[in-house]
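Student: After the sequence you'll find the predicted model.
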Amino acid sequence: MAAKDQQKSKPTKRKQVPGAKQPDSGNSVPKKPKLAGDSKKPSNDLRHDSKKPFKGNKNSQSGHGNEKKGPLSKRDRRLQAKELAEARKKKRKRHYTLEQDLARLWEKMRRRNIAKEDRAKLVSEALEKMKGKISEIASSHVSSRVLQTCVKYCSQAEKDAVFEELQPHILTLSTSTYAVHLVKKMLDSASKKQLSVCISSFHGHVASLLRHMVGSVVIEHAYQLGNAIQKQELLMELYSTELQIFKDLISMKESRLIDVISKLNLQKNSVIRHMTSVIQPILEKGILDHSIIHRLLMEYLSIADKSSATEVIQQLSSPLLVRMIHTKDGSRIGTLCVKHGSAKVLVGILSTVDDTKLVTKIVIQEVQEILEDLVFDKNGRRPLLQLLHPNCSRYFSPEDLASFDLSIPSLSSKVSGATEEVKPDNDVEVTEAEADRSSDPEDSVHVVEGGKKDPSVRRQELLVKSGLAERLIGVCIENAGKLLRSNFGKEVIYEVATGGADGILNSIMEDKLDALHKAVASLVAEPKSEESEENSKSEGSEEEHVLKNFHSSRTIRKLILDCPTFASTLWKTALKGKCELWAVGHSSKVISAFLESSDSKVRNLAKKELQPLIDRGALKIPETQSIAKEFFDLIGFEAT
């Protein structure tokens, strides 16, 4: 019985061997990680053995042809992935097939070498395919591009049809990343009536769109294209809820917010609260590139109380300010930030910041390092000219000069302090008084002087004591020829050579200015020859003699008229005995300047040598010059 039991047990054990494999394969999920992590050879062999029968089964099912194909190539895998992606897109996108057809048409219609007739046919075909579905596909990356091209090249009737189909959906499209370009294209090609309809459709949504990174672009575009009334229409609803609800109030002529408040008897505090709720999200998101926002901020600062204005100025006194100064209102806000905000903002610092030690450390030292580049730059020279000759109308426009004196009423102690103490609650009387001063919307802020320090003291500390003037004179001596011939540099060397306004450099740096005068005189003393003139024509104006060059000859003439010490140095060093040589062309104006000078000593220097030239008619003096007439009377010469 034991033997029979053993015989029975043996077969059962043998049958359990294949049976043992089946449980292993059935429990492959928990056991495979152990085999993969095990470094024993039997486990690796078992894993490879399990793969080989799988390959054999695959080949047996597919036949002999699969042995030749083998694994898929990279190209086949890419094609297979592309097919799968296409299938997914067809399921996900309702108009996927239409977009593919439009893309093929677009590739043809946007070519440069295509005939107008052929392009018109392609455009018409594309619009016909999109008819009734334009608003649905306008937000697509592909379809929006096709529509932009169609709007650009289609007929006016087709443009009107596209506009009519899209106009009810313009608000939705204005916040779409891709459709926004189509909306801008529509606004560009819209008629006056269509533009008015678009702007009217924005009513009640201007504030929300300005808070949107994409929608703000559409509002700015409409603001730039609109006329004065349409611009006011977009701005007004940002001022108060009343103007947002009652659209008829917008058709008023008053353009300044302070006048609107006075005319409609609006509550000033209510207007400030509403504008704050509009402006703060815009500032937090950093949407500060648009001119409509700059206009909004200017109007806000003109009425804001001290705490509100201070908060906005602090937010703007940052790198965000750089994104605003490209517009007129933005540059004015930059100036206001300097006056009432951080002292590190560069715009207007030299004219308003009282902490000259801080300005010298942060600004002047850096300016000195790049001084040679600044004197030749159109904009870089302006801070230097402001120090040399403050608020000069030759170097700054009336708008620039006005912006230097801008101030925020609530932050200006000289203005707001008095008004707040006398009539703190009577907003209407204050605004009416200010409204009588000017109707210009740009004058919505007071004009006051900035800074407590004496301007002459501030200028002395920044220009002279900082070492900037000494370095500037050195740069002028080293580059005298280039500066005189430069359209922008000539003004810098003129102001330095004359000692600056009020002679700020004359008493302290007399020796250095004398060296500059001699450097200019030495250039004038260079010989005049036909060979040098021919070289100047071939090599360019930089090698042209300073008395023959347009810019340098006029600069030297101004120096003779305005700086007697320079005139004396120039005459003795370069022109004495050589006036007849230079009595023709641009240089004749330099010679005649000695007789037009207001200084009698300068006139007497040249009188003896120039009189024969005047008698022969070789040198002509402008008869309108009163000083010249006095000289003629003095020498007994009658001008013809």
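Tutor: On my side now, so go ahead. Numbering: from 1, shown residues only.
Student: mind listing what's buried in stretch 495-513?
Tutor: 495-501, 504-505, 508-509, 512-513 (16 or more other C-beta atoms under 10 Å). Quick note: C-beta positions are derived from backbone N, CA and C, even for glycine.
Student: which two from these end up farthest apart in space?
Tutor: 501 and 512 (17.7 Å; C-beta to C-beta).
Student: in which helix or strand would I find the closest residue to residue 94 other than its chain neighbours?
Tutor: Of all residues not flanking residue 94 in the chain, residue 136 sits nearest, at 7.5 Å (C-beta to C-beta, 6 or more residues apart in numbering). Using DSSP states H and E, residue 136 sits in helix 134-137.
Student: Can you name the residues in contact with the next helix-or-strand element following that helix?
Tutor: Per DSSP H and E, helix 134-137 leads on to helix 141-153 as the next helix or strand towards the C-terminus. Residues from elsewhere that reach helix 141-153 (C-beta atoms under 8 Å, 6 or more residues apart in numbering): 95, 99, 102-103, 105-106, 109-110, 119-120, 123, 126-127, 130, 134, 137-138, 158-159, 162, 176, 178-179, 181-182, 185-186, 189.
Student: cool, and stretch 211-231?
Tutor: 174-177, 180, 183-184, 187-188, 195-196, 198-199, 202, 206, 208-210, 233-234, 251, 255, 281-282, 285, 287, 289-293.
Student: which of the residues you listed count as buried?
Tutor: Counted by 16+ other C-beta under 10 Å, the contacts of stretch 211-231 give 174-176, 180, 183-184, 187, 195-196, 198-199, 202, 206, 209-210, 233-234, 255, 282, 287, 289-293 as buried.
Student: At the geometric centre of the chain, which residue sits there?
Tutor: By C-alpha atoms, centre = their mean, the chain has its centre lying nearest to residue 326, at 4.5 Å.
Student: To which secondary structure element is that residue assigned?
Tutor: With DSSP H and E as criterion, residue 326 is part of no helix or strand.
Student: what do you get for residue 127?
Tutor: Going by DSSP H and E, residue 127 is part of helix 116-130.
Student: Would you mind pulling up the elements that that helix packs against?
Tutor: helix 96-109, helix 141-153, helix 156-166 (3 or more C-beta pairs under 8 Å, 6 or more residues apart in numbering; DSSP states H and E).
Student: Go through the last one and flag the buried ones.
Tutor: Pointing back at helix 156-166 there. By neighbour count on 16+ other C-beta under 10 Å, the buried set for helix 156-166 is 158-159, 162-163, 165-166.
Student: what's the next helix or strand after it in contact with?
Tutor: Going down the chain from helix 156-166, the next helix or strand is helix 170-173, by DSSP H and E. Residues from elsewhere that reach helix 170-173, judged by C-beta under 8 Å, 6+ apart: 135, 138-139, 166, 179-180, 182-183, 198, 201-202, 205, 209.
Student: swap the cut-off to 7 Å and go again
Tutor: 138-139, 166, 179, 182-183, 198, 201, 205 (C-beta atoms under 7 Å, 6 or more residues apart in numbering).
Student: before we move on, back to that, now, which of the buried residues of helix 156-166 sits nearest residue 567?
Tutor: The closest of these, once distances to residue 567 are taken by C-beta to C-beta, is residue 159, at 68.0 Å.
Student: ok, now which ones touch the closest one?
Tutor: Contacts of residue 159 by C-beta under 7 Å, 6+ apart are 151, 189.
Student: so what does the helix or strand hosting residue 567 touch, helix or strand wise?
Tutor: In this assignment (DSSP H and E), residue 567 forms part of helix 564-570. For helix 564-570, the packing partners by 3 or more C-beta pairs under 7 Å, 6 or more residues apart in numbering; DSSP states H and E come out as helix 510-524, helix 550-562, helix 600-616.
Student: mind listing what's buried in the shortest one?
Tutor: The reference is to helix 550-562. 551-562.
Student: mind putting those in TSV, distance to residue 275 included?
Tutor: TSV is the format used below for those (distance: C-beta to C-beta, whole Å):
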residue	distance to residue 275
551	49
552	53
553	55
554	51
555	50
556	55
557	54
558	50
559	53
560	57
561	53
562	50
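Student: Including pLDDT and distance to residue 489, could those residues go into JSON lines?
Tutor: Output for those, formatted as JSON lines (pLDDT from 0 to 100; distance: C-beta to C-beta, whole Å):
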{"residue": "551", "pLDDT": "92", "distance to residue 489": "9"}
{"residue": "552", "pLDDT": "93", "distance to residue 489": "10"}
{"residue": "553", "pLDDT": "92", "distance to residue 489": "15"}
{"residue": "554", "pLDDT": "93", "distance to residue 489": "13"}
{"residue": "555", "pLDDT": "94", "distance to residue 489": "9"}
{"residue": "556", "pLDDT": "94", "distance to residue 489": "14"}
{"residue": "557", "pLDDT": "93", "distance to residue 489": "17"}
{"residue": "558", "pLDDT": "94", "distance to residue 489": "14"}
{"residue": "559", "pLDDT": "95", "distance to residue 489": "14"}
{"residue": "560", "pLDDT": "93", "distance to residue 489": "19"}
{"residue": "561", "pLDDT": "93", "distance to residue 489": "20"}
{"residue": "562", "pLDDT": "93", "distance to residue 489": "18"}
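Student: What are the boundaries of the helices in the stretch 151-300 of the chain?
Tutor: 156-166, 170-173, 179-189, 192-201, 206-210, 215-225, 228-236, 241-245, 257-264, 268-285, 291-303 (DSSP state H, counting those that start in this stretch).
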